[in-house]
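Chemist: Compute the structure for the input listed below.
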Amino acid sequence: MRRRLAAIVALLAGLATAVLAVVVSVSQFPRGLGLLACVLIAALAAWYGVMRRGTARVAGLIVAGLALAGALVLVIVGGRFGVDLIVVAGLLVTLAAARASFAVKAELPRADAPLHPVLFYNPLSGGGKAERFELAKEARARGIEPIELTRGTDLEVLVRGAVERGADGLAMAGGDGSQAVVAAIAAEHALPYACIPAGTRNHFALDLGVDRDDVVGALDAFVEGGERLVDLAEVNGRVFVNNVSLGVYAEAVQRSEYRNAKIRTLLDTVPDALGAGGSELDMRWTGPGGHGHQGGAAVLVSNNRYRLGRAVGSGTRPRIDDGLLGITVMGAPTGGGESRRGQRPWREWSAPTFEVDSDRPLPAGVDGEALVLDAPLQFRIRPGVLRVRIAHQHPGSSPSAMAPEGIRASVVELVRIALGLDREPAHAQPGRP
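Modeler: This next block holds a predicted model:
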């Protein structure tokens, strides 16, 4: 009922604000037109911000704030405070109501707390988040045994040793590469797993529905958290939680200078990767129509499909339990019968398996880690193998799980919510649909 009421308010306030803004822009030209432009920029930027988290949210809201400041300046200069302020207020009400309408909090079933949960943490990951938030101390306070990764230690050996000693819950505080190691062992032994967002970007945590700004609170997943089943993916038997990149980006991350100058190194890599002997000529794969292809500037294979482009939620996965790989090929491949003039420079599809062949080992970025893999690269999805625990106060669902594709689709979805026809979140129930 709260979502429905919020949708009704968003639609009515948005319509009234739009009509009034047009009237003001015409009657007070050209100042009114400038005011309308500021309001529209603020609306788009704020929409972008409220539907994201972390740095993207901050950037969007800053732009929205600057645009609103410009609108207020025009209001003051024009001296028409009444009507102009109503337009600005209407915009703020519309955005707040729309955000409330699309907010998703998955109702995950509560799961029994493990008796001997273990947290593995990398003190250097994320600029030292584990130490800054005193994760070891916070873990002990919740009955979780903390184990620190020190230089030269093998994470897989540590985790398997903990399982042999009776660990019945595994958590990892570190980057996504480390998350994949712990998640793979948890899935192997059917143990509950918790993702603690103490890495730099924490993409896996974001799509699982873990609040990346609440590092300590994520430990509550093993205290009174809910449980859901999600997929894992693998390439040549190696598990990954996010994606594997091949081509230009993968070539770039192999270089020692990449971490200190990412953009410059990536640009320097392009002529090498696409020239003679580069990845453009060394990758062979089969498209969704069954035709063989060669080349492509980059291939991205992900654990479930990413939402790409400029739509709301871009760069996240609406679902992570769909049972399919997400496959994206950038650039113009050769061969096969699917190529056509005027097609967009990338293609994307989903499949349970995928293979990339080559005449040489291929550089690959696996969850951001630079590796070289022997060809052929065989990808497959492992549906519903990971028992993920999510703290009860966290969303438990991807930010794009219910996010519509653009403004037009957002209006349509608001109408559906207002009429009581809205769809249920994809992750509202445990297990697979």
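
Chemist: I figured Leu170 hits Glu188, correct?
Modeler: No. Judged on C-beta atoms under 8 Å, Leu170 makes no contact with Glu188 at a distance of 10.4 Å. Just so you know, the C-beta spots here come from the backbone N, C-alpha and C atoms, and that holds for glycine as well.

Chemist: In terms of neighbours, single out the busier of the two.
Modeler: Per other C-beta atoms under 10 Å, whichever of Leu170 and Glu188 has more neighbours is Leu170, with 25 against 12.

Chemist: how about the nearest residue to that one, chain neighbours excluded?
Modeler: Ala186 (4.6 Å; C-beta to C-beta, 6 or more residues apart in numbering).

Chemist: residue contacts, that neighbour?
Modeler: 170, 192-193, 386-387 (C-beta atoms under 8 Å, 6 or more residues apart in numbering).

Chemist: and if you look at Phe204?
Modeler: Counted by C-beta under 8 Å, 6+ apart, Phe204 has contacts 176, 179, 195, 241-242.

Chemist: In which helix or strand does it reside?
Modeler: Using DSSP states H and E, Phe204 maps to helix 203-208.

Chemist: again with Thr94
Modeler: helix 81-102.

Chemist: Run a quick neighbour tally on Leu11.
Modeler: 19.

Chemist: quick one: buried residues of the host helix or strand of it?
Modeler: In this structure, Leu11 sits in helix 2-27 according to DSSP H and E. Neighbour-count burial for helix 2-27, counted by 16 or more other C-beta atoms under 10 Å, picks out 3-4, 6-11, 13-14, 17-18, 21, 24-25.

Chemist: tell me which of these is nearest to Arg110?
Modeler: When the buried residues of helix 2-27 are compared for distance to Arg110 (C-beta to C-beta), Arg3 wins out at 22.9 Å.

Chemist: coming back round to it: and of the contacts of Phe204, the nearest to Leu155?
Modeler: Of those, the one sitting nearest to Leu155 (C-beta to C-beta) turns out to be Gln179, at 10.3 Å.

Chemist: related to what we said a few turns ago, next helix or strand past the helix holding Phe204?
Modeler: Later in the chain than helix 203-208, the nearest helix or strand by DSSP H and E is helix 221-224.

Chemist: Contacts for that following helix, please.
Modeler: For helix 221-224, contacts defined as C-beta under 8 Å, 6+ apart pick out 110, 113-114, 117, 142-144, 169, 171, 192, 194, 389-392, 394.

Chemist: Quick check on those: which are buried?
Modeler: 113-114, 117, 144, 169, 171, 192, 194, 389-392, 394.

Chemist: For those, give me TSV that also has pLDDT and distance to Ala233.
Modeler: Formatted as TSV, these follow (pLDDT from 0 to 100; distance: C-beta to C-beta, whole Å):
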residue	pLDDT	distance to Ala233
Ala113	96	29
Pro114	97	25
Pro117	98	25
Ile144	98	28
Gly169	98	23
Ala171	98	21
Pro192	98	20
Ala194	98	20
Arg389	98	20
Ile390	97	20
Ala391	96	25
His392	94	28
His394	94	23
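
Chemist: Those: which two are farthest apart?
Modeler: Distances among those were taken as C-beta to C-beta; the most separated pair is Pro114 and His394, at 17.9 Å.

Chemist: how about Leu324, what does it touch?
Modeler: Leu324 is in contact with 304-305, 350-352, 381, counting by C-beta under 8 Å, 6+ apart.

Chemist: mind redoing it with 6 Å?
Modeler: With contacts defined as C-beta atoms under 6 Å, 6 or more residues apart in numbering, Leu324 is in contact with 350, 352, 381.

Chemist: I figured the last one hits Pro352, correct?
Modeler: Yes. In terms of C-beta atoms under 6 Å, Ile381 counts as a neighbour of Pro352; the distance is 5.3 Å.

Chemist: Between these two, which is the more surrounded one?
Modeler: Taking neighbours as other C-beta under 10 Å, Ile381 and Pro352 compare with Ile381 leading, 24 against 12.

Chemist: Show residues contacting the helix or strand where the more buried one lies.
Modeler: Taking DSSP H and E as the criterion, Ile381 maps to strand 377-390. Contact with strand 377-390 is made by 108, 183, 187, 192-194, 208-209, 221, 225-233, 235-236, 301, 323-325, 352-356, 396, 432, as judged by C-beta under 6 Å, 6+ apart.

Chemist: Please spell out which residues along that strand are buried.
Modeler: Within strand 377-390, the residues that count as buried by 16+ other C-beta under 10 Å are 377, 379-390.

Chemist: possible to save the residues you listed as TSV with distance to Arg160?
Modeler: Compiled in TSV, the buried residues of strand 377-390 are given as follows (distance: C-beta to C-beta, whole Å):
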residue	distance to Arg160
Leu377	26
Phe379	25
Arg380	23
Ile381	24
Arg382	19
Pro383	24
Gly384	23
Val385	17
Leu386	17
Arg387	18
Val388	20
Arg389	20
Ile390	25
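
Chemist: pLDDT score for Asp211?
Modeler: Looking at Asp211, its pLDDT is 93.
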